[in-house]
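**Student:** coordinates only, no sequence provided:
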C-alpha cells in the first residue's frame, strides 16, 4: 500500500513555504547555506531558519501569504553555526551525517502519483490518497460525492470521504516540514528531511541521487555519509550536488520540489 498527499495538505504547505525560502536564498547567493523549519496552522505560521543569507521580514510575509493566505508570522532567523560554515568554506563537502536508501517505484506507486495529480487538477484543495491491492481510499476536502464522481468518475475500488464532507487546510489542521516523507519518497528511506535545505545538505542531494539511481538501475541503492565527506558512492560529492541542482532546476525550484516530492 502507498499514501500520497497533495500540495494543499497542511504538511505540504509547510514544505512549500520552506522550499520558497530556499529558492529566495538561491536568488540572493549562488551557494547559500540554509535550513528552514515551518510549523503552520490556525492562522499562525512559525518559521525558524539558520541561514547565511539575510532575509527581510516583508519578503517572508509575502511568501507565506502567497502560499498559505493571511497568517500571523512568528519568524526567527539566525546565522549558520560558524563551525559548520567553516566546513564548507574552501570546497563543497557533505553538510551532514546521513543514511539513504533509494528504491525503484512499483507500478502501484506510479499509479497513485498519477491519480493524485489528476485529482488535484480538479480539486486543488487539501487531499490525501491511499492505494492498496484492492481499494483506492480518497479523502478530498471541499468536494461532495456527486461533484467528485462527476469530474473523476466512479469505480468499484473507490472509497470516498469515509467520514463525509470536510473543509481541510490549515484552518482545521497543522502542518510541519518533512512530515510526509512517505508521500515524497515511497519506500525509499532517509535519515533526514528533503525540504527546506540547500543543496550542500546530504538530506537533499544524496536523497535525490539515491532515488534517481534506483529508478535508472532498477535496484535498491543504500548509501551513508559523514559530515565533511568529499566522496559518496565512488563519486565526488560536488558531482552529486550538481546532479541534484540540475534536477531541482528542471522541475522549477525547491518550492515546486516540495509540492510532490520525488514521485
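**Tutor:** Okay, I see it. Computed from a predicted model, the values in this text were never measured in an experiment.
**Student:** number of residues surrounding the residue nearest to residue 217 when sequence neighbours are not counted?
**Tutor:** Among residues not flanking residue 217 along the chain, residue 104 sits closest, at 7.9 Å (CB to CB, 6 or more residues apart in numbering). C-beta coordinates here come from the backbone N, C-alpha and C atoms, glycine included. Residue 104: 18 surrounding residues under other CB atoms under 10 Å.
**Student:** same question, the one 4 residues further on
**Tutor:** Other residues within reach of residue 108, judged by other CB under 10 Å, total 14.
**Student:** same thing with the one 3 residues further on?
**Tutor:** Counted with other CB under 10 Å, the neighbours of residue 111 add up to 14.
**Student:** which SS class is it?
**Tutor:** At residue 111, secondary structure determined by DSSP: H, G, I helix; E, B strand; the rest coil is helix.
**Student:** go on, residue 54?
**Tutor:** Residue 54 - assigned by three-state DSSP - is coil.
**Student:** re the thing from before, against residue 244, how distant is the residue nearest to residue 217?
**Tutor:** 19 Å (CB to CB, to the nearest Å).
**Student:** and for residue 39?
**Tutor:** 26 Å.
**Student:** between these two, which has more neighbouring residues?
**Tutor:** residue 244 (22 against 17).
**Student:** excluding covalently adjacent residues, which one is nearest to that one?
**Tutor:** residue 205 (3.9 Å).
**Student:** residues near the one you found, how many?
**Tutor:** 30.
**Student:** right, and the helix or strand after the helix or strand hosting it?
**Tutor:** Take DSSP states H and E as the rule and residue 205 turns out to sit in helix 202-217. The helix or strand immediately downstream of helix 202-217 is strand 221-225, counting by DSSP H and E.
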